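# my questions are about this predicted structure, shown below with the sequence.
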Amino acid sequence: MAAKLLLSLAICRLIITVGLILGPSDLFRLGFDHPHLSLDESDLESASRDFGLMSRARPLAVFRPGSAEDVAAVIRASFESPRGGFPVSAMGHAHSIDGQAHAANGVVIRMGEGGVGGPAVSEEGRYVDAWGGELWIDVLRRTLEHGLSPKSWTDYLYLSVGGTLSNAGISGQAFNHGPQISNVLELDVVTGKGDILTCSEEKDSRLFHAVLGGLGQFGIITRARIALEPAPQRVRWVRVLYSNFTSFTRDQERLISLHGRPATEKFDYVEGFVIVNQGLINNWRSSFFSPRNPVKISSLGASGDGVLYCLEVTMNYDDSAADSIDQKVEDLLKDLDFIPTTVFTTDLPYIDFLDRVHKAELKLRAKNLWEVSHPWLNLFVPKSRIADFDGGVFKGILGNKTSGPILIYPTNRDKWDRESSVVMPDEDVFYLVALLRSALEDGDETQTLDYLTNQNQRILEFCRKQGIPVKQYLPHYTTTEEWRDHFGEKWERFRENKMEYDPRRILSTGQRIFETRL
Ligand code: FAD
């Protein structure tokens with residue numbers, strides 16, 4: 001009884017305060033006694049934030065769908081509203097940096113919290129059907145029960161299927177299999193008109209390509225059919241160090257050029273990271289190096305600028321091939337030009353390797369260092385300019401402190417579907433450079449949010465002045481002009497797709513791509 005009274009009071013307050021934006025008729029169309037709609041203060045508060053912890057935008061309501069039809073009901077309520085609709089954003093795991101999943105004065109659909117049935121595996125078809133809000137870790141656990149696994153990953157698995165497919169989803173397997181968006185067979189999408197459509201390469205391919213890497217602009221992914229392969233049992237994980245950038249990138253590029261070779265003649269995963277002079281290799285992603293036996297940079301002959309580069313590779317194998325794994329790894333390492341004394345090897349079950357960043361998360365959480373601001377900057381840098389980027393950024397702008405891991409690894413563009421909405425540099429090979437920094441207000445000045453945000457701007461400005469045609473991954477812009485520039489020749493098609501699939505500009509307004517009248 002008391003709960004009902006509170007809910008009624010909250011509704012009255014909402015209707016009075018929001019008045020013209022989300023009208024009472026819109027809300028009643030959603031059905032206020034709908035068990036999936038919440039006006040609860042803690043729900044509104046949590047949907048106002050994201051992993052970046054740098055922006056806030058309060059929705060008017062939070063919705064937890066139990067089906068695609070539920071998602072469609074919310075979108076239709078907005079699309080058919082005589083007042084012009086209200087913003088609707090799918091929120092997967094809210095691991096965006098700059099409020100991309102927010103819906104200021106609208107409805108946030110918490111895709112992962114509605115209790116939709118788990119992933120369904122087809123062993124014969126070698127695919128899994130996953131709800132859009134499903135976390136990749138749960139997709140993996142389910143497919144492993146069938147001895148199968150998706151092929152392409154992100155480094156961290158507590159991200160939703162719909163969230164990563166709206167960007168690209170990349171990790172060290174992308175050189176071989178392409179990003180996650182290259183491994184999708186079919187999608188169910190609820191468009192901005194409230195239509196529930198099934199699309200694929202063969203059926204309604206325009207919508208299919210638009211949605212993949214589409215930043216949530218054209219529809220909400222409610223189901224993704226993801227290609228699977230036999231899951232390996234174990235992973236041999238190797239890190240080697242370089243003081244010479246040219247040798248480092250030459251070896252990385254050589255390794256990814258082997259993508260067409262049989263599985264035993266190439267690595268399954270190729271990544272790398274930069275170690276700016278911090279004395280010890282000690283960022284949160286490098287727990288691989290034993291804390292009891294830290295690696296001292298000075299002992300490795302780093303160049304005068306003190307920058308080292310770590311190549312990270314893995315080879316998957318089954319217990320039946322355990323006898324030959326040492327030899328296979330050695331055969332591939334022998335042609336590489338790393339510092340000979342710096343081979344660090346570990347071996348672990350496949351799921352533990354894929355879920356490695358979660359372990360780092362738990363450590364940071366224990367120290368209260370996970371829920372801090374994250375002024376991350378992710379860039380695609382064309383191969384032809386990566387050395388200029390190294391000189392100006394790693395050995396220049398960053399100084400000798402990084403405040404977090406800096407990933408760098410190349411990928412093959414021909415593994416990316418050119419028809420998808422994602423934007424990448426116009427070269428056969430391009431690098432992901434990910435500056436994954438955490439801001440600490442009580443640290444020294446170089447760790448504050450202001451300092452790191454300013455440094456990100458300096459990096460972008462450096463690239464602009466030097467004519468390095470970088471593209472932001474997980475892009476963040478605030479004006480239509482900047483977005484037009486980001487999309488380049490893809491802009492017109494992106495805009496036309498918006499007019500076709502979300503003509504009232506209801507969806508994912510937190511991306512701030514299109515001016516909205518809402
Ligand atoms: P959200 O932040 O909830 O949403 C992101 C965008 O997608 C929003 O615009 C939202 O409206 C839209 N969206 C969400 N769900 C749907 C849906 N079902 N249908 C349509 N649109 C939807 N990325 C990589 O590629 N590789 C990595 O290795 C990687 N590692 C990461 C590690 C960490 C610790 C973090 C925080 C992020 C990492 N990311 C990585 C970035 C991550 O892929 C994106 O931020 C992704 O959007 C997060 O997924 P999410 O479920 O939290 O999405």
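Arrived safely.

# contact residues of the stretch 351-500 of the chain facing the ligand?
Residues of the stretch 351-500 of the chain lying close to the ligand (Cβ under 6 Å from any ligand atom) are Leu474. Every residue, glycine included, has its C-beta placed from N, CA and C.

# shaky segments in the stretch 351-500 of the chain?
By pLDDT under 70, the stretch 351-500 of the chain has no low-scoring segment.

# repeat that for the stretch 1-150 of the chain.
Looking at the stretch 1-150 of the chain by pLDDT under 70, you get 1-34.

# find the closest residue to the ligand in it.
Gly92 (2.3 Å; Cβ to the nearest ligand atom).

# OK, contacts around Ser149?
Counting by Cβ atoms under 8 Å, 6 or more residues apart in numbering, Ser149 touches 140, 143, 228-232, 350.

# ranges for the helices of the stretch 301-450 of the chain?
325-333, 350-354, 356-366, 386-389, 449-466 (DSSP state H, counting those that start in this stretch).

# list the helices and strands the last one packs on?
Yep, that's helix 449-466 we're talking about. strand 377-382 (3 or more Cβ pairs under 8 Å, 6 or more residues apart in numbering; DSSP states H and E).

# returning to that earlier point: can you pull the contacts of the residue of the stretch 1-150 of the chain closest to the ligand?
101, 111-112, 132-133, 159-164.

# again with Pro382
Counted by Cβ under 8 Å, 6+ apart, Pro382 has contacts 425-427, 429-431, 468-470.

# buried only: go through those for me.
Buried by 16 or more other Cβ atoms under 10 Å: 425, 429-431, 468-470, out of the contacts of Pro382.

# host element of Thr154?
Taking DSSP states H and E as the definition, one finds Thr154 inside no helix or strand.

# and it, backbone torsions?
Main-chain dihedrals, Thr154, degrees, to the nearest 10: phi -110, psi 170.

# repeat that for Val107.
phi -120, psi 120.

# isn't it up against Val62?
Yes: counting by Cβ atoms under 8 Å, Val62 is a contact partner of Val107 at 7.2 Å.

# strands along the stretch 301-450 of the chain, start to end?
Secondary structure of the stretch 301-450 of the chain (DSSP state E, counting those that start in this stretch): strands at 308-317, 343-349, 377-382, 406-412, 429-435.

# for the second one, packing partners?
Which is strand 343-349. strand 234-242.

# now do the following helix or strand past the strand it packs on, average pLDDT.
Later in the chain than strand 234-242, the nearest helix or strand by DSSP H and E is helix 245-256. For helix 245-256, mean pLDDT rounds to 98.

# can you give me the buried ones in helix 245-256?
Neighbour-count burial for helix 245-256, counted by 16+ other Cβ under 10 Å, picks out 245, 247-249, 251-253, 255-256.

# let me know which of the strands of the stretch 301-450 of the chain is the nearest to Asp70.
Asp70 lies closest to strand 377-382 among the strands of the stretch 301-450 of the chain, at 32.4 Å (Cβ to Cβ).

# could I get the contacting residues of Asn316?
Applying Cβ under 8 Å, 6+ apart, the residues contacting Asn316 are 232, 234-235, 263, 268, 350.

# now these as CSV including pLDDT?
Formatted as CSV, the contacts of Asn316 follow (pLDDT from 0 to 100):
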residue, pLDDT
Pro232, 98
Arg234, 98
Val235, 98
Ala263, 90
Asp268, 98
Tyr350, 98
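
# hmm, which of those residues are the buried ones?
232, 234-235, 268, 350.

# quick one: which two of these are the most distant?
Arg234 and Asp268 (11.4 Å).

# before we move on, back to that, out of the helices of the stretch 301-450 of the chain, which comes closest to Gly172?
helix 350-354 (10.3 Å).

# what is that closest one packed up against?
Packing partners of helix 350-354 (3+ Cβ pairs under 8 Å, 6+ apart): helix 136-144, strand 234-242.

# between the first one and strand 343-349, how many degrees?
In this structure, helix 136-144 runs at an angle of 60 degrees to strand 343-349, with axes from the mean of the first three to the mean of the last three Cα atoms, to 10 degrees as the basis.

# quick check: closest non-adjacent residue to the residue in the stretch 251-400 of the chain that the ligand sits nearest to.
Closest approach between the stretch 251-400 of the chain and the ligand, counting by Cβ to the nearest ligand atom: Val357, at 6.2 Å. Closest residue in space to Val357, ignoring its immediate chain neighbours: Tyr156 at 4.1 Å, by Cβ to Cβ, 6 or more residues apart in numbering.

# quick check: the residue of the stretch 251-400 of the chain closest to the ligand touching Leu159?
No: look at Val357 against Leu159 with Cβ under 8 Å: they stay out of range, at 10.2 Å.

# more neighbours: which of the two?
Neighbours per residue (other Cβ atoms under 10 Å) separate Val357 from Leu159, with Leu159 holding more: 23 against 17.

# contacting residues around that one?
Taking Cβ under 8 Å, 6+ apart as the test, what Leu159 contacts is 92-93, 95, 135-136.

# now render the residues you listed as CSV, adding distance to Ser152.
Output for the contacts of Leu159, formatted as CSV (distance: Cβ to Cβ, whole Å):
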residue, distance to Ser152
Gly92, 17
His93, 18
His95, 18
Leu135, 16
Trp136, 10
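
# which pair of the residues you listed spans the longest distance?
Farthest apart among those - using Cβ to Cβ - are His95 and Trp136, which lie 11.2 Å from each other.

# give me the common contacts of those two.
158-159.

# more neighbours: those two, which one.
Trp136 (25 against 20).

# the helices and strands packed on helix 350-354: which one's closest to Ser42?
helix 136-144 (23.8 Å).

# sorry, back to before: spatially nearest residue to the residue of the stretch 1-150 of the chain closest to the ligand (excluding sequence neighbours)?
Nearest to Gly92 is Ser160, by Cβ to Cβ, 6+ apart, at 2.8 Å.

# what does Ser96 give?
Here the residue nearest Ser96, using Cβ to Cβ, 6+ apart, is Asp50, at 4.7 Å.

# cool, and Val189?
Val189 sits nearest to Gly219 (Cβ to Cβ, 6+ apart), 3.8 Å away.

# distance of the one you found relative to the ligand?
In this view, Gly219 and the ligand are 7 Å apart by Cβ to the nearest ligand atom, to the nearest Å.

# doesn't Thr191 make contact with that residue?
Yes: here Gly219 reaches Thr191: they are 4.3 Å apart, a contact under Cβ under 8 Å.

# list residues touching both of these two?
197, 207, 501-502.

# also within reach of the ligand: list those from those residues.
Within those, nothing lies near the ligand by Cβ under 6 Å from any ligand atom.

# who's the residue nearest to Glu145 when sequence neighbours are not counted bridged to?
Distances taken as Cβ to Cβ, 6+ apart put Val121 closest to Glu145, at 7.5 Å, once the chain neighbours are dropped. Listed by DSSP bridges, the beta-bridge partners for Val121 are Val128.

# ok, Val121 - contacts?
Val121 touches 127-128, 142-143, 145-146, 148, 228, counting by Cβ under 8 Å, 6+ apart.
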